[in-house]
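> Could you look at this predicted model? Sequence included:
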Amino acid sequence: MAGAPQPQMNMVPGCPRHVAIIMDGNGRWATQRGRPRLFGHHAGARRVREIVESCPEIGVDYLTIFAFSTENWKRTQVEVAGLMNLFRRYIIKETKVLRESGVRVRFIGDRVRLDDKLIHLMNELEAATEHNNQVHLTIALNYGGRDEVARATKRLAADVAAGRLRPEDVDEETLPRYLDTHVLPDPDLVIRTSGEARISNFLLWQSAYSEYEFIDTLWPDFTREEFTRLCTAYGGRERRFGGVLR
């Protein structure tokens, strides 16, 4: 979009440029309140807006959120159907706000299993925000790290078979060009809410050198103040990438 806001200078010293979040705990949050799990997912969706809005204030340029995994299809049919409806409603409701606030939205994951209406809405939202650059919001929907690597490897193998790529030229810089995230920088910081200390098949290749924060807060209770605190703490870490600081 012409005239879209430009990225701001970091407000938090040493702020991570790219933060990825495993948004966990919606169901437990709802259960604690005696409500159905979908109530928690709706609360979690509202929390997304607050965190996206806080990114320019903090200095985060890229935010990637884990919305629905390839494993989440194992949940009850009622919950899965409710989540798919929530995604459709979120896109319809938030498109204007995201476009006007300079947020560029991308989706990663395998779209084959998603319904046509949802795919159409995803494509429309990407197109509506493609010229924005205030914040780059990436939504992982029907996403799994192993699935992503497998799909990328198939595309790479097809290029080798077609003679577009020589096997001897394949190295660790080659595969990332075939990943869903090929236009994004690797995440600097990965946050998981709800007290679980695992990465759940999220950005396996990209997070090889990411810093991690596992926090007890359930996602619907995750505030911009806590987000700011974690980004500030990141600025105090020494990142050596396998080397030794002198």
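Great, that's in hand.
> Please make it C-alpha for all contacts and neighbour counts, starting now.
Will do.
> need the helices for the chain, in chain order.
26-32, 37-58, 77-100, 116-128, 145-161, 224-234 (DSSP state H).
> Quick one: closest of those to Thr70.
helix 145-161 (8.0 Å; C-alpha to C-alpha).
> hang on, the earlier thing: mean neighbour count and distance to Asp216 added to the helices of the chain, as TSV?
Below are the helices of the chain laid out as TSV (neighbours: other C-alpha atoms under 10 Å; distance: least, C-alpha to C-alpha, whole Å):
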stretch	mean neighbour count	distance to Asp216
helix 26-32	18	12
helix 37-58	19	15
helix 77-100	15	23
helix 116-128	16	31
helix 145-161	16	24
helix 224-234	17	11
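> Of the ones you listed, give the one that comes closest to Leu204.
helix 145-161 (5.3 Å).
> Quick check: mean pLDDT of the closest one?
What helix 145-161 shows for mean pLDDT is 98.
> and it, C-alpha only, in CSV?
Written as CSV, here are the backbone C-alpha positions of helix 145-161 (Å, rounded to 0.1, in the frame of the first residue of the first chain):
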residue,chain,number,x,y,z
GLY,A,145,8.1,-28.2,11.0
ARG,A,146,8.7,-31.8,9.8
ASP,A,147,6.0,-31.4,7.2
GLU,A,148,7.5,-28.2,6.0
VAL,A,149,10.9,-29.7,5.6
ALA,A,150,9.4,-32.7,3.8
ARG,A,151,7.6,-30.5,1.3
ALA,A,152,10.7,-28.4,0.8
THR,A,153,12.8,-31.4,0.2
LYS,A,154,10.3,-32.7,-2.5
ARG,A,155,10.6,-29.3,-4.3
LEU,A,156,14.3,-29.4,-4.1
ALA,A,157,14.5,-33.0,-5.4
ALA,A,158,12.2,-32.0,-8.3
ASP,A,159,14.6,-29.3,-9.3
VAL,A,160,17.5,-31.7,-9.1
ALA,A,161,15.6,-34.2,-11.2
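> Just the residues contacting that helix, thanks.
Outside helix 145-161, the residues within contact range by C-alpha atoms under 8 Å, 6 or more residues apart in numbering are 70, 109-110, 165-167, 175, 178-180, 201-205.
> redo that, cut-off 6 Å
165-166, 178-179, 201-204 (C-alpha atoms under 6 Å, 6 or more residues apart in numbering).
> measure Tyr234 to Ala197 for me?
As judged by C-alpha to C-alpha, to the nearest Å, Tyr234 and Ala197 stand 18 Å apart.
> now Leu189
15 Å.
> neighbour count winner among those two?
The neighbour count for Leu189 versus Ala197, taken as other C-alpha atoms under 10 Å, is higher for Leu189 (22 against 13).
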